[in-house]
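Q: Need coordinates for the below:
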Amino acid sequence: MDSDEKVLGAVLASCCSQAIEGVLLAAELDEHYGVTVDFIRLLDANAALAHSIVQSPQQMLDALETSLLTAQELVLQKHPQKLSMAVKPNAHIRLHSIPYSMDPEQHLLNPNICNIGSGHLGKLITIRGTVVKAGPVKMFEAQKVFFCNKCKHKFLLKNTAEVSGNSSCTNYELPMECPNPKPCLGSNFKPFDGAGATGYTNHQELRVQEQLQCLEPGSVPASISVILQDELADSVQPGDDVEVTGLVQADWRPLFPGARCDGTLSMKACSTRSISSRHRAAAAPAEGLQDMFRDFWAYHADCPLKGRNKILASICPQIYGLFLVKLAVALTLIGGCPRQDDAGAHIRGECHMLLIGDPGTGKSQLMKFAARMAPRAVVTTGRGTTGAGLTVSATKEGGSWSLEAGALVLADGGLCCIDEFECIREQDRAMIHEAMEQQTLHIAKAGMVTTLSTRTSVLGVTNPSKGAFKHGGSCAGVAATSLSGPLLSRFDIVLLLLDQHEPNWDRIVSEHVLQNHQQASQPFVRALHGWSVEELRSYITWAKAANTNLHMTNDAEQVILAYYQQQRRAEERSQAR
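A: Purely as a prediction, here's the structure:
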């Protein structure tokens, strides 16, 4: 066994020497530390060990935890700063990123959350999802000191109970005989009640849901409970996209006489990695698509506006015209560049857009198409939404409170579409002021005080409060809404969609609708009209990644300055604008 520990320790020292050095240089001796181990690097260093972890995950993870002390000693001996280092007894292996090539069958080691079943019980898997609920950090009894009632020898045992939402479970496997090097043949053991006899660690339960951008239309997102321990607890917040690697276990409910035995599947996390909100909405487009986008703009280098118009023609092609509205939707999805000066003042880069118009003008169609184009989008309606559903709610389970993310938090880094915006109650509208302008949510509920990120673009759709309206000035539509001035000022773009009842316009629109219906069964004809939704989504991701530090030209600044001054001088302007 000692030789196996040396072999495993040598493998760990070669795979993650930098992470071990960071642990050795840490100041606190009794704190919990994680040593990150990339599964791909481990596979390259020792393929047999990697396959053994897949076949017997619990046994091999325990062996790696034990051999981590040997790995620390090996790194310590060869390091030039070994006098300032110390071996940490509470270091843990954090294995992540199981490669798809190691899957013996589809959806076994890298399943979608909806595909996790009883066949994954006891397996080490990697999932990706969004944290929708985070419970409070509790205390978990990890180990306890026992003593022999005959010779008074003390020894330490670890709690072997399966970690679940109930952090008070304990299960200590007592030895058959006293482990004293001088045998006493004692078999009666009792817990030691002295100082430091019991070791505790942090414990937290999360609820991880499937990523919204990975769902099929109309499907209900599945979720699973994830248990975090030690330094992993309180490392993520509701709304974060995470990659979790851990063991699947059964979480049995309390048993009662005559009741049916029931349980659910949960995960004990071995590692959690939060994906950056700026890049988590979607992976980079394929190289072939990136080449297509570069060639497209190279072809239209002489007249970029023609290239822009071709892209806009692909946005919501079932609706005729509305060129300015489609341009505003595209700019809202791509967004701008956030700024932060030396004083710490932050200027958001995300744009908020409000569509005001008569019924039947295509507002909801544009909103739904924008949600399909966005790499990450949440769609809700104001009629069935509360302030807590938009921001964050506090729920109580088992005597403790936890935070559950709302629509704006889940859409962090993407687009939040709110239909029937005027139906949101007045007291609920005030809750989204900070989320839209400051892009944060300061929460103080049920004794929990925290700050969540809401770096999302909001696309609101509303009907005028007085029905159809006529042209009456630049702010006629703004005056017709029931939104308050402070909330209306959060929207950067406010557009009016009017049903003008013109015979020529009605004839053109009806011909366009009939033509689209006739070509619905001809994909080759429809493919000539422009880019597909998938290509538009990839283009938005590519454009946001390629233009991270844009600067406005002097001519553009003069145009915006003149327009702003003109709007301020207008007599009929709204006070909110």
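
Q: distance between the ends of stretch 482-491?
A: The first and last residues of stretch 482-491 sit 14 Å apart, counting by CA to CA, to the nearest Å.

Q: Can you tell me the SS state at the nearest residue in space to residue 160 that is not next to it in sequence?
A: Nearest non-adjacent residue to residue 160, counting by CB to CB, 6 or more residues apart in numbering: residue 171, 5.1 Å away. In this view, the C-beta of every residue, glycine as well, is placed from N, C-alpha and C. Per DSSP: H, G, I helix; E, B strand; the rest coil, the local secondary structure of residue 171 is coil.

Q: count of residues packed around residue 171?
A: 10 (other CB atoms under 10 Å).

Q: repeat for residue 193
A: With other CB under 10 Å as criterion, residue 193 counts 9.

Q: again with residue 91
A: 24.

Q: Tell me how many other residues surround the nearest residue to it once chain neighbours are set aside.
A: Nearest residue to residue 91, sequence neighbours excluded (CB to CB, 6+ apart): residue 33, at 4.8 Å. Applying other CB under 10 Å, we find 20 residues neighbouring residue 33.

Q: Kindly report the same for the one 3 residues further on.
A: Around residue 36 sit 16 other residues, with neighbours defined as other CB under 10 Å.

Q: Over to it: give its phi and psi.
A: Note on residue 36: backbone dihedrals following degrees, to the nearest 10 are phi -80, psi 130.

Q: That one contacts residue 97, doesn't it?
A: No: using CB atoms under 8 Å, residue 36 makes no contact with residue 97, being 9.9 Å away.

Q: what packs against the longest helix anywhere in the chain?
A: What stands out as the longest helix in the chain, according to DSSP state H, is helix 57-78. Helix 57-78 sits against helix 2-15, helix 17-25, helix 47-55, strand 91-96, strand 241-252, with contacts defined as 3 or more CB pairs under 8 Å, 6 or more residues apart in numbering; DSSP states H and E.

Q: picking that back up, model confidence for the residue nearest to residue 160, exactly?
A: Residue 171 is assigned a predicted lDDT (pLDDT) of 71.

Q: going forward, begin numbering at 298 instead of 1
A: OK, 298 is where the count begins now, so the last one is residue 468.

Q: Around residue 540, count how many other residues there are.
A: Using other CB under 10 Å, residue 540 is surrounded by 16 other residues.

Q: hang on, I meant residue 586
A: Residue 586: 16 neighbours (other CB under 10 Å).

Q: And for residue 720?
A: By the criterion of other CB under 10 Å, residue 720 has 16 neighbours.

Q: Surely it and residue 683 touch.
A: No: using CB under 8 Å, residue 720 is not in contact with residue 683, being 11.3 Å away.

Q: wait, isn't the residue nearest to residue 388 in contact with residue 528?
A: Yes: Residue 330 lies in contact with residue 528 (CB under 8 Å); the separation is 6.4 Å.

Q: Might one say that residue 757 is in contact with residue 654?
A: No: here residue 757 lies out of contact with residue 654, judged by CB under 8 Å, at a distance of 11.8 Å.

Q: Compare the two and say which is more crowded by neighbours.
A: Shown here are residue 757 and residue 654; by other CB under 10 Å, residue 757 has more neighbours (27 against 22).

Q: And for the nearest residue to that one once chain neighbours are set aside, the neighbour number?
A: Spatial nearest neighbour of residue 757, excluding adjacent residues (CB to CB, 6+ apart): residue 718 at 4.0 Å. The number of residues packed near residue 718 is 26, by other CB under 10 Å.

Q: wait, residue 718 sits on residue 651?
A: Yes: here residue 718 reaches residue 651: they are 7.2 Å apart, a contact under CB under 8 Å.

Q: Mind listing the shared neighbours of the two?
A: Residues touching both residue 718 and residue 651 (CB atoms under 8 Å, 6 or more residues apart in numbering): 757-759, 780.

Q: among those, who's most crowded?
A: Counting by other CB under 10 Å, top hit in the shared contacts of residue 718 and residue 651: residue 757 with 27 neighbours.

Q: And whichever helix or strand that residue is part of, what does it pack against?
A: Assigned by DSSP states H and E, residue 757 belongs to strand 754-759. Packed against strand 754-759 by the contact rule (3+ CB pairs under 8 Å, 6+ apart) you find helix 620-631, strand 650-654, helix 660-670, strand 712-716.

Q: For the longest one, which outside residues touch it?
A: It stands for helix 620-631. The contact list for helix 620-631, computed with CB under 8 Å, 6+ apart, reads 605-606, 608-609, 612-613, 648-650, 652, 663, 666-667, 670-671, 712, 754, 756, 790, 792, 794, 837, 840-841, 844.

Q: Now that helix: average pLDDT?
A: 88.

Q: repeat for stretch 866-874
A: Here the average pLDDT along stretch 866-874 is 61.

Q: Which positions in stretch 525-543 come out as buried?
A: Within stretch 525-543, the residues scored as buried using 16 or more other CB atoms under 10 Å are 525-530, 532-543.

Q: Can you name the residues that contact the residue nearest to residue 757?
A: Residues counted as contacts of residue 718 (CB under 8 Å, 6+ apart) are 651, 679, 757-759, 780.

Q: so which one among those residues has the lowest pLDDT?
A: Comparing pLDDT over the contacts of residue 718, the lowest score belongs to residue 780 (76).

Q: That one belongs to a helix?
A: No: counting by three-state DSSP, residue 780 is not part of a helix but coil.

Q: isn't it right up against residue 723?
A: No: in terms of CB under 8 Å, residue 780 does not count as a neighbour of residue 723; the distance is 9.7 Å.

Q: Buried residues, stretch 654-665. List them.
A: Within stretch 654-665, the residues that qualify as buried are 654-655, 658-661, 663-665, counting by 16+ other CB under 10 Å.

Q: How about stretch 739-759?
A: Applying 16+ other CB under 10 Å to stretch 739-759 flags 740, 749-759 as buried.

Q: Turn those residues into JSON lines, including distance to residue 414.
A: Listed next are the buried residues of stretch 739-759 as JSON lines, based on distance: CB to CB, whole Å:
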{"residue": "740", "distance to residue 414": "35"}
{"residue": "749", "distance to residue 414": "32"}
{"residue": "750", "distance to residue 414": "33"}
{"residue": "751", "distance to residue 414": "34"}
{"residue": "752", "distance to residue 414": "35"}
{"residue": "753", "distance to residue 414": "33"}
{"residue": "754", "distance to residue 414": "37"}
{"residue": "755", "distance to residue 414": "38"}
{"residue": "756", "distance to residue 414": "37"}
{"residue": "757", "distance to residue 414": "40"}
{"residue": "758", "distance to residue 414": "39"}
{"residue": "759", "distance to residue 414": "44"}
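
Q: Nearest to residue 343 among those residues?
A: residue 750 (39.5 Å; CB to CB).

Q: Who are the contact partners of the closest one?
A: 534, 536, 574, 706, 709, 736-738.

Q: Tell me, what's the model's pLDDT at it?
A: 80.

Q: Can you give me the first-to-last residue distance of stretch 309-319?
A: 14 Å.

Q: do you know which of the helices and strands packed on helix 354-375 lies nearest residue 371?
A: helix 299-312 (4.4 Å).
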